[in-house]
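Enquirer: build me a model:
(one chain, ligands or ions: 1)
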Amino acid sequence: MRKNRMTNLDTVSKKVFKQRVIGFHESNQRGPLLIAIGSIHGNEKAGTKALNRVFDELNENDGIQKGIFAGVVGNMMAYKRDQRFIDVDLNRQWSPANVNRVVAASTYDLALQEEWEMRQLLMRFNHILDIYTRKYPDAEDRQVVMIDLHTFSANGRPYSIATTTGNSSQWARQLHVPAIIGMEVVVKGTTMHYFNDLELVSFGFEAGQHNDPYSVDVMEAAIWLTLVNVGCITKEQVRQYQKFEALLKKEGEGLPACVAFKYRHAIQEGDQFVMRPGYVNFQKVSKGEYLADDKNGKIYAPIEGMILMPLYQKQGEDGFFIVQDVDD
Ligand SMILES: [Zn+2]
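Expert: Got it, this is the predicted structure:
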């Protein structure tokens, strides 16, 4: 028997709310609000698929024990078209100035698909935060955590991305895969920046290659462990907890617990950037190593370290990143 746990959705119609909301579970017991975003990059479907699995399982069982758990789709149009984005990268648009502009703009002035997506997403965030705040008016009773779910174009092992706000790195590190810090310095305008600006805690998770079915398994494991870590549910109530934990431990085995973003190779439209084949996440590179080509010639590693997210797809503003072990 499936129970419908959509409740308290009185400020917008349930139908409109549900269009972007994969699931919404609310417990009567005080606890955290966990918001998970899948597919803010439309071709990264594993997050949305994994959220569907988790909500199906919760629907068939007792749901969560504490707080609220909501899952939303980031870029719906790009998801339908299996593209990273339609006009602009939705995960680079969240500077306070741009958010304010999009919120204040008249409908006629929203020319880009991602401006629509952002406005819709903001409505859902605000609605979910509003339900939570009304339920627990005392700020001391509230704890908001956002997890942003991604995949990447190359083959390679998963990792989490921590910010410096609140206990972001605690949640990121509890997933047993390398936690990357210092993202704020090399990438701007992500949803994590938006949550940071609201002084809410967020972290990212990169599960694996976009189209690898295994990325959905890794993603599902990360969602269940996070539900347990933040306190929405206990280990005992997750049917396959041991399996999920073992899977993530295996993925993190032999890799550093924490690395820092040190370098981003930015690409501009028309650069004709081509990554040399065979690079995978956390592969060691030496200074001066020949990594890629573009219209200006060969591109070499400016520093030594480990490569992260080498770009093997057409869309994207980041050619590759170089990270370094923080303990080195
Ligand atoms: Zn992504």
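Enquirer: pLDDT (mean, whole number) over the strand or helix carrying Val103?
Expert: Under the criterion of DSSP states H and E, Val103 resides in helix 96-104. Averaged across helix 96-104, pLDDT comes to 94.
Enquirer: now the next helix or strand after it against helix 96-104, angle please.
Expert: Scanning forward in sequence from helix 96-104 by DSSP H and E, the next helix or strand is helix 113-135. Inter-element angle recorded for helix 113-135 and helix 96-104: 90 degrees (by axes from the mean of the first three to the mean of the last three CA atoms, to 10 degrees).
Enquirer: now helix 113-135: buried residues?
Expert: Neighbour-count burial for helix 113-135, counted by 16 or more other CB atoms under 10 Å, picks out 113-118, 120-121, 123-125, 127-129, 131-132, 135. Yep, even glycine has a C-beta here, placed from its N, CA and C like the rest.
Enquirer: so which elements touch that helix?
Expert: Applying 3 or more CB pairs under 8 Å, 6 or more residues apart in numbering; DSSP states H and E, we find helix 113-135 packed against helix 14-20, strand 21-26, strand 33-38, strand 68-73, helix 76-81, helix 96-104.
Enquirer: nearest to Glu57, of those?
Expert: strand 21-26 (10.3 Å; CB to CB).
Enquirer: the closest one pairs with which strands?
Expert: Here strand 21-26 has these sheet partners by DSSP bridges: strand 68-73 (antiparallel).
Enquirer: check the offset of the partner strand from the chain's centre.
Expert: 12 Å (CA atoms, centre = their mean, to the nearest Å).
Enquirer: put the alpha carbons of it into CSV.
Expert: What follows is strand 68-73, C-alpha atoms only, in CSV (Å, rounded to 0.1, in the frame of the first residue of the first chain):
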residue,chain,number,x,y,z
ILE,A,68,11.3,16.9,6.4
PHE,A,69,12.9,15.4,3.3
ALA,A,70,12.2,16.9,-0.1
GLY,A,71,13.6,16.1,-3.5
VAL,A,72,13.4,18.4,-6.5
VAL,A,73,14.4,18.4,-10.1
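Enquirer: what's the angle from it to strand 33-38?
Expert: 20 degrees.
Enquirer: average model confidence for stretch 243-253?
Expert: pLDDT averaged over stretch 243-253 gives 97.
Enquirer: can you list contacts of it?
Expert: By CB atoms under 8 Å, 6 or more residues apart in numbering, the residues outside stretch 243-253 that reach it are 157-158, 175-178, 217-218, 220-222, 224-225, 238.
Enquirer: look up which residues are beta-bridged to Gly297.
Expert: Beta-bridge partners, per DSSP bridges, of Gly297: Asp294.
Enquirer: show the pLDDT at Asp10.
Expert: At Asp10, pLDDT is 41.
Enquirer: what does this protein put close to the ion?
Expert: His41, Glu44, His150 (CB under 5 Å from the ion).
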